[in-house]
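A.B. asks: 3D model of this:
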Amino acid sequence: MNDTIVCRLMTEEDINEILQVEYASFSTPWSRDAFENEIKQNHFANYIVLEVNGEVVGYGGFWSILDEAHITNIAVSPAYRGKKLGEYLMKKMIDLARELGAEMMTLEVRASNLVAQNLYKKLGFEEKGIRKGYYSDDGEDALIMWVNINENK
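C.D. replies: Numbering: from 1, shown residues only. Now for the predicted structure:
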């Protein structure tokens, strides 16, 4: 693969492309307003985009609060899945969280999403609990996963 892969901070100008990834990835996608609020208003929010050959094909975001980073969302366009881009994006998010002073990182993942769970485990995340009925679209449970990002460099 001779593609140029870049991760950079998300800007308001990225939202149209982010929404395409979002709508292709989730049954209850975030709205434009939600992304605009995260970028413009939420001082805890940090979002990055993943570009392949200049095209936005993924994104991820987390809230950085004190020494913890809570991943709010991450997605890679279906056409680009299975190419280790999600892993690359996660590693970049972990690096950014570490730079911002985070020691721990957490996320929720659908109990049925074994592909994502395996990626997170590969990066050192461990299951620490369950949020019953977490997902509003179908009431599915979420696994709560944590990692000490300073131990898994």
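A.B. asks: What pLDDT is listed against the most centrally placed residue in the chain?
C.D. replies: With distances taken as CA atoms, centre = their mean, the residue of the chain nearest its centroid is residue 74 (2.5 Å). According to the prediction, residue 74 has pLDDT 95.
A.B. asks: excluding its backbone neighbours, what's nearest it?
C.D. replies: Once flanking residues are discounted, residue 74 sits nearest to residue 60: 3.8 Å by CB to CB, 6 or more residues apart in numbering. C-beta: built from backbone N, CA, C; applies to glycine.
A.B. asks: likewise residue 7?
C.D. replies: Nearest to residue 7 is residue 92, by CB to CB, 6+ apart, at 4.2 Å.
A.B. asks: so the one you found sits right up against residue 48, yeah?
C.D. replies: Yes. Assessed by CB atoms under 8 Å, residue 92 is found in contact with residue 48 at 6.1 Å.
A.B. asks: give me the element the closest residue to residue 44 other than its chain neighbours is part of.
C.D. replies: Distance criterion CB to CB, 6+ apart; nearest residue to residue 44, sequence neighbours excluded, is residue 63 at 4.2 Å. Here residue 63, judged by DSSP states H and E, is contained in strand 55-65.
A.B. asks: For residue 133, which non-adjacent residue is spatially closest?
C.D. replies: Counting by CB to CB, 6+ apart, residue 139 is the residue found nearest to residue 133 once chain neighbours are left out, at 4.6 Å.
A.B. asks: Now the one you found: phi and psi?
C.D. replies: Main-chain torsions, residue 139, degrees, to the nearest 10: phi 70, psi 10.
A.B. asks: And residue 125, by the same measure?
C.D. replies: According to degrees, to the nearest 10, residue 125 has phi -70, psi 140.
A.B. asks: Likewise for residue 81?
C.D. replies: Here is the backbone geometry of residue 81 (degrees, to the nearest 10): phi -80, psi 160.
A.B. asks: Give the residue spans of this protein that score low on pLDDT.
C.D. replies: Along the chain, segments meeting pLDDT under 70 span 1, 152-153.
A.B. asks: Helices of that one, start to end?
C.D. replies: Assigned by DSSP state H, the chain shows helices spanning 15-25, 32-40, 85-99, 114-122.
A.B. asks: wait, which of those is closest to residue 107?
C.D. replies: Checking those against residue 107 by CB to CB gives helix 114-122 as the closest, at 6.9 Å.
A.B. asks: Tell me what angle that closest one forms with helix 85-99.
C.D. replies: Going by axes from the mean of the first three to the mean of the last three CA atoms, to 10 degrees, helix 114-122 is angled at 40 degrees with respect to helix 85-99.
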